[in-house]
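In: Kindly return the folded structure for what I paste below:
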Amino acid sequence: MELIRHGEIHSFSTNGISSRQLLNPENSASARVTITEVAVPPDHISPRHEHTTSEQIWVALSGTATLLLANNATEIFRAGDVVRFADGDTHGVHNTGAEPFIYMSVTSPPIDFRQSYGEDWAENIARDRLQLNVPKK
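Out: Numbers count the residues shown, from 1 in each chain. Here you go, the predicted model:
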């Protein structure tokens, strides 16, 4: 049995989006998954991206958002919905609702998500805002 205490959970944030790394190889003996809770404020975007060697499953916990998929496709994603992205699938999310959109992400094999909050993040958000005709924040 392994218990991870609140103080052992790392949080990252950029452009208002916060990510709590609930379970990952840094705070757990598990080398198979990363479990992350992500909070996206209204009208914020987590830009389209891919994970070439990992799959992800997202569980929408609260709110409503729009999934940003390959070829500029979109899909509504609401609390209670589950989506799976295979290795290499393009995905992102735009919170189109009036309340924070919160989802749980399970990634296997694990990824160090620090790079997701790097310098190219702002460029990707700008690209997706332009494609979606969303005014700059």
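In: gap between the nearest residue to residue 82 once chain neighbours are set aside and residue 83?
Out: Distances taken as C-beta to C-beta, 6 or more residues apart in numbering place residue 59 nearest to residue 82, at 5.2 Å, with adjacent residues excluded. Heads up, the C-betas are built off the backbone N, CA and C, glycines and all. Shown here: residue 59 relative to residue 83, a distance of 8 Å by C-beta to C-beta, to the nearest Å.
In: does residue 16 really touch residue 45, like I thought?
Out: No. Residue 16 is not in contact with residue 45 according to C-beta atoms under 8 Å; the separation is 9.8 Å.
In: Looking at these two, which one has more neighbours?
Out: residue 45 (27 against 15; other C-beta atoms under 10 Å).
In: Distance of that one relative to residue 30?
Out: 30 Å.
In: again with residue 102
Out: Distance of residue 102 to residue 30, given as C-beta to C-beta: 23 Å.
In: Which one's more surrounded, those two?
Out: Comparing residue 102 with residue 30 by neighbour count (other C-beta under 10 Å), the higher total belongs to residue 102, at 18 against 14.
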